[in-house]
Each structure stands twice: as structure tokens, then as C-alpha cells.
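1. Kindly return the folded structure for what I paste below:
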Amino acid sequence: MRRLLTQNGWTVGLAGLLTLLLVATKLIQPDFGISGLDSLARAALPFALATLGMAIVVIAGGIDLSLAAMMAVASVTAAVMMQGASDGQAALVVLFVLALGAAMGAINGSLIVVTRVPDIVVTLAMLYVWQGVALLILNAPGGGAAPWLRALIVGGVTLPGLPAAATEWLPKAVVFLFVCLAVIWLPIRRSKLGLMFYAVGSDQLAAFRSGVPVGRTRIAAYAVCGVFAALGGLSVTMSTGIGEPIPGPYLMAA
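-> Residues are numbered from 1 along each chain as shown. The predicted structure follows:
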């Protein structure tokens, strides 16, 4: 236990700080309860997913200023394609949007690798490109979201056989975030690809001399960032029920 706490000291500290803030909020606002916690978790979900995407690019030694714009493209694409769609069609739309996010990220990475222009310059330019694409798809908030998709992050967790009060305090948005983390990032982090991300981010020349394909690894990092950006855009649509073509305040937070 001591070793675990030592290795994850910052995480434990942040969890403790969050607990203290929740206690303080409860003292200041006695009415703050399950509904307030659910609203807070849904509002924080896009920020958390954007941060995960940015973290991967930073680990690989880069930065992506087009992150929020890619989220907007994913949000409006999902909202437009889901409007009037059946549950099965909505599931296909989700897969398409995730693939779209990976493609947008891969385009960013490919431009950086091929042109050898600094990441910050390329992604700043692509910010305006993706923002324009989002406005072409939907020039005002609109569209829709499948009810089953919204149900994934709205409300508290309920488990069969257990009283609602036992699990309802845990927002579905938090569970959704941890599932995304477990399904996408944790396997990558423990794989050869994850090791290459860290190697390229630490020292590109040393990574190259060790046989790491630096260019392809950087493109892969941006592609994974694009997947998390797509998830962030989907979470906005899932929470509000509509697509938002104007990038939110997710870039600076990430």
C-alpha cells in the first residue's frame, strides 16, 4: 500500500483535494446533492476527455491546438447523422465519428511529419480548418442524439439487486470516463506503441537510433488524440442532446 501511494502520490492528493472541495460545497450549499454531482460530472466530462487526448500528444513530444475544433466537428457530425436515426444506426454513427476523429488527428500528425513545420504552427492552422468544417456541417446548434446514448452519461448508476441509494451517488459520466480510459489508453500505455510514445517524447534522436519509427509514432499519437477528441465531442452531444459547432473552452483547459 505504501508503494502504491508513493507511485501515485499526485493522484491521491488530487482525489483528496476533490473530496475536500465537495465537502466545502456541501457546507456552503446544503441543497447540493446527487443531481448537482451528476451535473458537475457531465460538465467536466468533455474537459477530461480533451485532457486525455492532449496528454498523449504531449507525452509524444507535441501539442495540438486544434483539439477543441476537432471536438466541434465530432459533435455536429454525430448530431446531424443521429437526427431521426434508429438505435442501430446511431451505434454505427458513433463508430463513424470515432474513425473520423482518428482521421482528423492522423491528418494533423501527417502534416507535421511531412512538412517538418513545428506542431504548434500546423495545429494552429488546422484549428481554423476544423472549425470551418464544423460550421459547414452545422452553422448553428442543432441536430439530435439517440436516447440510449444520452442515457449512458445522464443520471446515476443503478445496479440490479441493489437499492438505488447505494449506487445512485456515482454519476454515469464518471463511469463512462473510466471505461474510455480503460478501453483506449491503458492497453496502449502497456503496449509497444505506448512505449514508443514515451521514447519519442523523451528524445527523438535516441528513439530513432533505437529503431523506433519516429514519424509513424507521432502520427499515431495525434490519431489517438483525435479519438479522444471525438469522444469529447460525442460527450457534448450526449449531454446536451444537440451538436455545438463553436469550439468550447476545452483547449486551454486541456
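2. tell me, what residue is most central in this protein?
-> Computing the C-alpha centroid of the chain and ranking residues by C-alpha atoms, centre = their mean puts L49 first, at 2.3 Å.
3. before we move on, which element is that residue in?
-> Following DSSP states H and E, one finds L49 within helix 34-59.
4. how about the CA coordinates for the helix or strand that that helix is followed by, as CSV?
-> Going down the chain from helix 34-59, the next helix or strand is helix 67-82, by DSSP H and E. Written as CSV, here are the backbone C-alpha positions of helix 67-82 (Å, rounded to 0.1, in the frame of the first residue of the first chain):
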residue,chain,number,x,y,z
LEU,A,67,-8.3,19.8,-30.2
ALA,A,68,-11.4,21.8,-29.4
ALA,A,69,-12.2,22.3,-33.1
MET,A,70,-12.0,18.6,-33.7
MET,A,71,-14.4,18.1,-30.8
ALA,A,72,-16.8,20.5,-32.5
VAL,A,73,-16.6,18.6,-35.8
ALA,A,74,-17.3,15.3,-34.0
SER,A,75,-20.2,16.9,-32.1
VAL,A,76,-22.0,18.3,-35.1
THR,A,77,-21.3,15.2,-37.2
ALA,A,78,-22.9,13.0,-34.6
ALA,A,79,-25.8,15.3,-34.0
VAL,A,80,-26.7,15.7,-37.8
MET,A,81,-26.3,11.9,-38.5
MET,A,82,-28.3,10.8,-35.4
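5. for helix 67-82, packing partners?
-> helix 34-59, helix 87-115, helix 119-137, helix 214-240, helix 250-253 (3 or more C-beta pairs under 8 Å, 6 or more residues apart in numbering; DSSP states H and E). The C-beta positions use only the backbone N, C-alpha and C, and glycine is treated the same way.
6. by how many degrees do the second one and helix 67-82 diverge?
-> Counting by axes from the mean of the first three to the mean of the last three C-alpha atoms, to 10 degrees, helix 87-115 points 150 degrees away from the direction of helix 67-82.
7. Now helix 87-115: buried residues?
-> Residues of helix 87-115 classed as buried: 90, 93-94, 97-98, 100-102, 104-113 (neighbour count, 16 or more other C-beta atoms under 10 Å).
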